[in-house]
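Undergrad: pasting the sequence and the predicted model now:
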Amino acid sequence: MFVAKNLLIAVAKILDIGLSAYMWLLIIRAVLSWVNPDPYNKIVRAVASITDPVLSWLRRQFPMTAGGIDFSPMVAILVILFLRYFLVKTLFDMAMRM
């Protein structure tokens, strides 16, 4: 049973780290949109290519603009926080009860 417990803990930790990293990429993307960076910069292109699939899907499913402000990064961050507080916590609790 200890193998399954350690596996669940490892999955929960990796999922938590991945969700945290993606949340920070979304925050960086939002800040970059305020300053109008060089679109040919490799870092700007990398951040955009990583975050565009989620943000464009959210924009297509739920039009979230008001007064020219795009709220899709905020919604994506809220979904990530929900997943971190619910899914990761549930995996940790399941592992601890084994």
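TA: The structure has been received and is ready for your questions. Note that this is a predicted model, so its numbers are computed, not measured. Numbering: from 1, shown residues only.

Undergrad: which other helices and strands contact the helix or strand residue 21 falls within?
TA: Using DSSP states H and E, the element containing residue 21 is helix 2-35. In terms of contacts (3 or more CB pairs under 8 Å, 6 or more residues apart in numbering; DSSP states H and E), helix 2-35 is packed against helix 42-61, helix 72-83, helix 89-96. For glycine as for every other residue, the C-beta is placed from the backbone atoms N, C-alpha and C.

Undergrad: what angle separates that helix from helix 72-83?
TA: Between the direction of helix 2-35 and that of helix 72-83, the angle (axes from the mean of the first three to the mean of the last three CA atoms, to 10 degrees) works out to 160 degrees.

Undergrad: got the angle for helix 2-35 vs helix 42-61?
TA: 100 degrees.

Undergrad: so which bits of helix 2-35 are buried?
TA: Applying a neighbour-count criterion of 16 or more other CB atoms under 10 Å, the buried positions in helix 2-35 are 8-9, 12, 16, 19, 22-23, 25-26, 28-30, 32.

Undergrad: average pLDDT for it?
TA: When pLDDT is averaged along helix 2-35, the result is 94.

Undergrad: pull the distance from it to the chain's centre.
TA: The chain centroid and the centroid of helix 2-35 are separated by 7 Å, computed with CA atoms, centre = their mean, to the nearest Å.
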